[in-house]
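**Q** Turn this into a model:
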Amino acid sequence: MGKYKFESTEHELFRKTLRKFLAEEAEGQYNQWEKDRLIPLNFWHKLGQLGYLCPQVAEQYGGLGLDFSFGVIIQEELERIGSSLIGVGLHNDIVVPYIEAYGTDAQKSRWLPKCVTGETITAIAMTEPGTGSDLANIQTTAIRDGDYYIVNGQKTFITNGIHANLVVVAVKTNPRAEKKHRGISLLVIEEGTAGFTKGRKLEKVGMHAQDTAELFFEDCRVPVENLLGEEGKGFTYMMEKLQQERLAVAIAAQAAAEDMLALTINYVKSRQAFGKSISDFQHTQFKIAEMATKVELGKTFLEALIEEHIAGKDVVTKVSMAKYWITENAREMSAQCMQLHGGYGYMEDYKIARRYRDIPVMSIYAGTNEVMKMIIAKNTGL
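**A** Predicted structure coming up:
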């Protein structure tokens, strides 16, 4: 992965140390994790011990107090190993920031330290069987009953769904709200709460080691003190946090594209056909040139976006562009790179086969690319 302009000596050392750790603890084990259909909990604990979980969390809660630029490095290096490690990025850069931004001091003291060590693994439950990107129409309800909310409903496609023991759940606290989105709140529901059960681990086309699951809530009694932020503000909170979530997806897709390009360049140089290297054919050279150009364009756009995001700017439109364009580019590249690998590209022994399976979902989660285009169109005045 190419170095970003904002990377200091401290960033370089952080990346080098993380890459060494992943080479020892993940690279050789990853194929087995894919076969096992699960990433072991002890890997999460090792990440926590070395400071790779939620490094942005304030020191008073056990974190390192680092900015998002270090999260970018973690996301890239994990993606370089494989897409099934996205659950770590979700924990670090998507779910825990909800607690940091909207939690009370008591909630932060209660939950954040264990999120940093890996004792607690988080998930966010928005999607339902009948509701994907249309979050205002979620059906899971949370009706107040004294000091508790009674939660009923079902969530699906939940990343970290099997391992998670702390879930931020989007619920309807006011199902009769005239404007549907104003009836939504966020509740933090802990594993072991009566009425909260996990369904099966869902079998996906790719990302096999990543645990995606269904969650069920049946008369689940959640203490009122587990309300995150204010009642009725859940939709607003989710909209505020989607910028970073979609940026994280773009970062992963860009890292995957860079990895595929490097893999393919190495392969075509070493593979012989008709008495010479495949890389000597003009068709191969043109294909590599096209992909290298798009990778460079993606990197340059992403670098500027990351800097603006860290500076606290509203870059929702640009992030929507990046999420849509970079994930589409990665998906196209996965097919082109597999083609350049020939028959070997279709073999499980070759990483490009895994990339081909793993990448398409990036165009779907965190808001489909069609939704990204709707946002871009709206924000350009259409």
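
**Q** Show me where the protein has its strands.
**A** With DSSP state E, the ranges of strands along the chain come out as 122-125, 141-145, 148-159, 166-172, 184-190, 196-201, 212-223, 227-228, 272-273, 276-277.

**Q** confidence score at V222?
**A** Looking at V222, its pLDDT stands at 98.

**Q** Just the pLDDT at G132, thanks.
**A** In the predicted model, G132 carries a pLDDT score of 71.

**Q** What separation is there between it and I86?
**A** With distances taken as CB to CB, to the nearest Å, G132 is found 18 Å from I86. In this view, the C-beta of every residue, glycine as well, is placed from N, C-alpha and C.

**Q** With neighbour numbers in mind, choose between those two.
**A** Taking neighbours as other CB atoms under 10 Å, G132 and I86 compare with I86 leading, 24 against 17.

**Q** How far off centre is stretch 131-143?
**A** Centroid separation for stretch 131-143 versus its chain: 21 Å, with CA atoms, centre = their mean, to the nearest Å.

**Q** what about that stretch, start to end distance?
**A** Length of stretch 131-143, first residue to last, CA to CA, to the nearest Å: 20 Å.

**Q** Just the buried positions in that stretch, please.
**A** Neighbour counts using 16 or more other CB atoms under 10 Å place T131, G132, L135, I138, T140, T141, A142 of stretch 131-143 among the buried residues.

**Q** give the contact list for T317.
**A** Each residue near T317 by CB atoms under 8 Å, 6 or more residues apart in numbering is listed here: I375, I376, N379, T380.

**Q** out of those residues, who's nearest A292?
**A** A292 lies nearest to I376 out of those, by CB to CB, at 25.8 Å.

**Q** roughly how far apart are the closest residue to that closest one other than its chain neighbours and T368?
**A** Distances taken as CB to CB, 6 or more residues apart in numbering place S320 nearest to I376, at 5.2 Å, with adjacent residues excluded. Distance, S320 to T368, by CB to CB: 11 Å.

**Q** tally of neighbours for the nearest residue to Y4 once chain neighbours are set aside?
**A** Once flanking residues are discounted, Y4 sits nearest to E303: 5.3 Å by CB to CB, 6+ apart. When neighbours are counted by other CB under 10 Å, E303 registers 18.

**Q** re earlier: reformat the contacts of T317 into a markdown table and put neighbour count and distance to S279 next to each item.
**A** Below are the contacts of T317 laid out as a markdown table (neighbours: other CB atoms under 10 Å; distance: CB to CB, whole Å):
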| residue | neighbour count | distance to S279 |
| --- | --- | --- |
| I375 | 19 | 40 |
| I376 | 17 | 37 |
| N379 | 13 | 42 |
| T380 | 8 | 41 |
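
**Q** and of those residues, the nearest to D280?
**A** Nearest to D280 among the contacts of T317: I376, at 40.9 Å, using CB to CB.

**Q** Read off the pLDDT value for the closest one.
**A** I376 is given a pLDDT of 97.

**Q** I figured it hits A322, correct?
**A** No - I376 is not in contact with A322 according to CB atoms under 8 Å; the separation is 10.5 Å.

**Q** weakest of the strands of the chain by average pLDDT?
**A** Among these, strand 272-273 carries the lowest mean pLDDT, at a mean of 90.

**Q** outside of that one, which residues touch it?
**A** For strand 272-273, contacts defined as CB under 8 Å, 6+ apart pick out I278, F281.

**Q** relative orientation of the top helix by length along the chain and strand 166-172 in degrees?
**A** Assignment by DSSP state H gives helix 234-270 as the longest helix of the chain. Orientation check (axes from the mean of the first three to the mean of the last three CA atoms, to 10 degrees): helix 234-270 against strand 166-172 gives 130 degrees.

**Q** How far away from the center of its chain is helix 234-270?
**A** 9 Å.

**Q** change the start of the numbering to 29 and stick with it
**A** Right, with 29 as the first residue, what we last looked at is helix 262-298.

**Q** Just the buried residues of it, please?
**A** In terms of neighbour count (16+ other CB under 10 Å), helix 262-298 has its buried residues at 262-263, 265-266, 268-271, 273-289, 291-293, 295-296.

**Q** before we move on, what about stretch 342-357?
**A** In stretch 342-357, counting by 16+ other CB under 10 Å, buried: 343-357.

**Q** Quickly check those residues for the two that are furthest apart.
**A** Going by CB to CB, the pair spanning the buried residues of stretch 342-357 furthest: V344 and N357, at 20.3 Å.

**Q** Low-confidence ranges, this structure, go.
**A** The chain contains residues with pLDDT under 70 at 29-30.

**Q** Helices of that one, residue ranges please.
**A** Remark: helices assigned in the chain by DSSP H are 37-50, 58-64, 69-77, 96-109, 114-118, 124-130, 133-145, 262-298, 310-338, 344-369, 379-386, 397-407.

**Q** wait, which of these is closest to G189?
**A** Each of those was scored for nearness to G189 using CB to CB, and the closest is helix 114-118 (9.3 Å).
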